[in-house]
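Peer 1: Just the structure for this:
(one chain, ligands or ions: 2)
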Amino acid sequence: MITIKGKSSSKGIAIGRLVKYVKPEATVKREKVSDVEAEVARYETARDTAKEQLQKLYDKALKEVGESGAAIFEVHQMMLEDEDYNDSIYNMIRTDAVNAEFAVAKTGENFSEMFAGMDDEYFAARATDVKDISERIVSVLAGVAGSLDMSEPVILMAEDLAPSETVQMDKSKLLAFVTRLGSANSHTAILARTMGIPSMVEVDIQDDWDGKMTIVDGNTATIYIDPTEEVMVKMEALKAEETKQKQLLLELKGKENVTLDGTKVNLYANIGNVGDVAAVLANDAGGIGLFRSEFLYLGTDNYPSEEDQFNAYRTVAQNMAGKKVIIRTLDIGADKQVDYFQLDKEDNPAMGLRAIRICLERPAIFKTQLRALLRASAFGNISIMFPMIISVEEVKKIKGILEEVKAELREANVAFKEDIEIGIMIETPASVMISDLLAEEVDFFSIGTNDLTQYTLAIDRQNAKLEPFYNPHHEAILRMINMVIQNGHKGGAWVGICGELGADPELTRRFMEMGIDELSVSPSLILGLRKSIREMDLKG
Ligand code: PEP
Ligand code: MG
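Peer 2: Numbering: from 1, shown residues only. Ligands and ions are numbered 1, 2, ... in the order given. Got it, this is the predicted structure:
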């Protein structure tokens, strides 16, 4: 048995087989082959595997985002059959006696350049697609795609995981994440918490662990590879106890979030996609306090259409049946990179063109999202929230654009909620300092403590080396939160916290004393938080 320590980024115990996830190789080498027909056969097998993968992705997308979102995978399957594309690959392998990887990558590049140069918009858009399918075949040839065997639930081990990779994974097959890199404040760790599965970062992972029976104990930040019988029995008992405690918490479903002295608070849930609503309902959240809508833009290769977004927002609102659903507009940038936005490379993306700044620079993208949100507001209790605000002018500009979209919808006789609630994230020190002025402009504030900590303490939340310095309990942060709550209330805005600090049991009492109105946390943490609130006496 190997016992190793790391850093826990999501609590809980998982027991299962460890599987290594390898990122697709970016560079392809040109190699001479002696048996060209064998190479052709290798290509054809890989192409068939790629086709099967695309069919699976099509079925998954059809279920999760609907027909128009799934259509791209059908297009990709058709492109794999394209005669010119295939002939080019066959020719290159046979004439130049090169390896299949090189022939596919080179053909992909050539076709992509050719499409990109076309005047016709439709064909120009195919440039990315042909690159995509070529990369897929190359990954299969390199054995990358095949190395992630997730036919049964597994513990995933990786050097690092980007949010765009994590959202594409089949969540029903994941028991836990273990990575060498990454930080507990990254969006991948947040996703693990939303999914309610254990995760650990800063683990010195080894290749030969691949396929081994493993226990991840996110409570003590320990991993056991090939556990002994004794450890297995002990950990199974702890896991059973954990399950029992979770069962006991279920008895709190339907109960109020009220302290012994009668102070109430709303407990809402944070989600990243439509599928997370099941966990929100199972854990009896009073609403959704943060729907990170940018996850609809990650893991796809083109902008989600207004229709796709409308379907996603409407489904969430309908499933929440009148409970509040706060949807945050697109917050990409920093660790959430989306290639098709073609943003310039920045030295400091966390302080770069991100979130609302992109929306204000590219109003067409913003307006598409606002239209989808407003249309969905006719089907439930939707509020819209804007991220990364730093000024009153920005909020006024946003409100102006929102009014334009409302006017267009009115003109077209499309139903939406006229008095839709709007709020902003307070996650920059600037917005804290002017929260008295901002409160006049909006209905609510939601404090994003993840970024607020990063920008206040000048600590990159992604940088694992800085974690010893990343102290969200810093008095500066707590004073800021108090200031925002008091200013919000004076200006008639309610105030919540949707950053990870909202779920910190050591601070719940302090937030309640400050007069917080809402805490929005991972769905799996709702009932535990309800329990501690119900046992709390603010007068005692
Ligand atoms: C935050 O910054 O606290 C927040 C909730 O937003 P995100 O983690 O998605 O940046
Ligand atoms: Mg943030």
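Peer 1: how about Lys32, what does it touch?
Peer 2: Ala97, Val98, Asn99 (CB atoms under 8 Å, 6 or more residues apart in numbering). Where C-beta positions appear, they are placed from N, C-alpha and C, glycine not excepted.
Peer 1: burial measure for the first one, as a count.
Peer 2: Here the neighbour count serves as a burial measure; for Ala97 (other CB atoms under 10 Å) it reads 14.
Peer 1: How much space separates it from Lys106?
Peer 2: 14 Å (CB to CB, to the nearest Å).
Peer 1: Hmm, Lys406 is touching Phe416, no?
Peer 2: Yes - using CB atoms under 8 Å, Lys406 is in contact with Phe416, at 6.9 Å.
Peer 1: Could you pull up the residues touching Asp331?
Peer 2: Neighbours of Asp331 in contact, by CB under 8 Å, 6+ apart: Arg292, Ser293, Glu294, Arg354, Ala355, Ile356, Pro387, Met388.
Peer 1: Intersect those residues with the contacts of ligand 2.
Peer 2: Contacts with ligand 2 are made by none of the contacts of Asp331, judged by CB under 5 Å from the ion.
Peer 1: Turn the residues you listed into JSON lines, including distance to Ala278 and pLDDT.
Peer 2: As requested, these are exported to JSON lines (distance: CB to CB, whole Å; pLDDT from 0 to 100):
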{"residue": "Arg292", "distance to Ala278": "17", "pLDDT": "96"}
{"residue": "Ser293", "distance to Ala278": "18", "pLDDT": "96"}
{"residue": "Glu294", "distance to Ala278": "21", "pLDDT": "94"}
{"residue": "Arg354", "distance to Ala278": "30", "pLDDT": "93"}
{"residue": "Ala355", "distance to Ala278": "28", "pLDDT": "95"}
{"residue": "Ile356", "distance to Ala278": "30", "pLDDT": "96"}
{"residue": "Pro387", "distance to Ala278": "25", "pLDDT": "98"}
{"residue": "Met388", "distance to Ala278": "29", "pLDDT": "97"}
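Peer 1: In terms of distance to ligand 2, which of those residues ranks first?
Peer 2: Closest approach to ligand 2 among the contacts of Asp331 (CB to the ion): Pro387, at 5.9 Å.
Peer 1: Next to ligand 2 in this structure, residues from the protein, please.
Peer 2: Glu427, Gly448, Asp451.
Peer 1: Give me the buried subset of those residues.
Peer 2: Glu427, Gly448, Asp451 (16 or more other CB atoms under 10 Å).
Peer 1: Please name the residues that touch the closest residue to the second one other than its chain neighbours.
Peer 2: Which is Gly448. Spatially, and ignoring its direct neighbours in sequence, Gly448 is nearest to Glu427 (3.3 Å; CB to CB, 6 or more residues apart in numbering). Going by CB under 8 Å, 6+ apart, Glu427 touches Pro387, Met388, Ile389, Ile447, Gly448, Thr449, Asn450, Asp451, Leu452, Tyr455, Gly499.
Peer 1: can you tell me the residue of the stretch 1-150 of the chain closest to ligand 1?
Peer 2: Ser9 (13.2 Å; CB to the nearest ligand atom).
Peer 1: Report the secondary structure state of that residue.
Peer 2: strand (DSSP: H, G, I helix; E, B strand; the rest coil).
Peer 1: and it, how many neighbours does it have?
Peer 2: Counted with other CB under 10 Å, Ser9 comes out at 25.
Peer 1: okay, Glu152: pLDDT?
Peer 2: Glu152 carries a pLDDT value of 81.
Peer 1: Arg17 is in contact with that one, correct?
Peer 2: Yes - Glu152 lies in contact with Arg17 (CB under 8 Å); the separation is 7.3 Å.
Peer 1: These two: who's more crowded?
Peer 2: The neighbour comparison of Glu152 against Arg17 (other CB under 10 Å) goes to Arg17, with 15 against 10.
Peer 1: contacting residues for that one?
Peer 2: Glu152, Val154, Ile155, Gly211, Lys212, Met213, Thr214.
Peer 1: rerun at 6 Å
Peer 2: Val154 (CB atoms under 6 Å, 6 or more residues apart in numbering).
Peer 1: after the helix or strand where it lies comes which helix or strand?
Peer 2: Arg17 is located in strand 13-20, with elements delineated by DSSP states H and E. Once the chain leaves strand 13-20, the next helix or strand it forms, by DSSP H and E, is helix 36-65.
Peer 1: Would you pull up how far that next one lies from the middle of the chain?
Peer 2: Centre-to-centre, helix 36-65 and its host chain are 26 Å apart (CA atoms, centre = their mean, to the nearest Å).
Peer 1: average pLDDT across that helix?
Peer 2: 85.
Peer 1: List the contacts of the helix or strand that that helix is followed by.
Peer 2: Downstream of helix 36-65, the first helix or strand assigned by DSSP H and E is helix 67-80. By CB under 6 Å, 6+ apart, the surrounding residues in contact with helix 67-80 are Arg47, Lys51, Leu54, Leu57, Tyr58, Ala61, Leu62, Ile133, Ser305, Glu307, Asp308.
Peer 1: Would you quantify the distance from the nearest residue to the fourth one once chain neighbours are set aside to Asp59?
Peer 2: What sits nearest to Leu57 in space, not counting adjacent residues and going by CB to CB, 6+ apart, is Phe73, at 4.7 Å. Distance, Phe73 to Asp59, by CB to CB: 9 Å.
Peer 1: Give me the local confidence score for Trp397.
Peer 2: You called it Trp, but residue 397 is Lys. 98.
Peer 1: Quickly find the element holding it.
Peer 2: Per DSSP H and E: helix 392-411 holds Lys397.
Peer 1: tell me what that helix is packed against?
Peer 2: Here helix 392-411 is seen to pack against helix 363-376 when contacts are counted using 3 or more CB pairs under 6 Å, 6 or more residues apart in numbering; DSSP states H and E.
Peer 1: Whichever helix or strand comes after the helix it packs on and ligand 1 in contact?
Peer 2: Counting by DSSP H and E, the next helix or strand C-terminal to helix 363-376 is strand 381-386. No - against ligand 1, strand 381-386 shows no contacts by CB under 6 Å from any ligand atom, the least distance being 10.0 Å.
Peer 1: The helix or strand hosting Thr214 - what's its average pLDDT?
Peer 2: Assessed by DSSP H and E, Thr214 sits inside strand 213-217. Strand 213-217 shows a mean pLDDT of 96.
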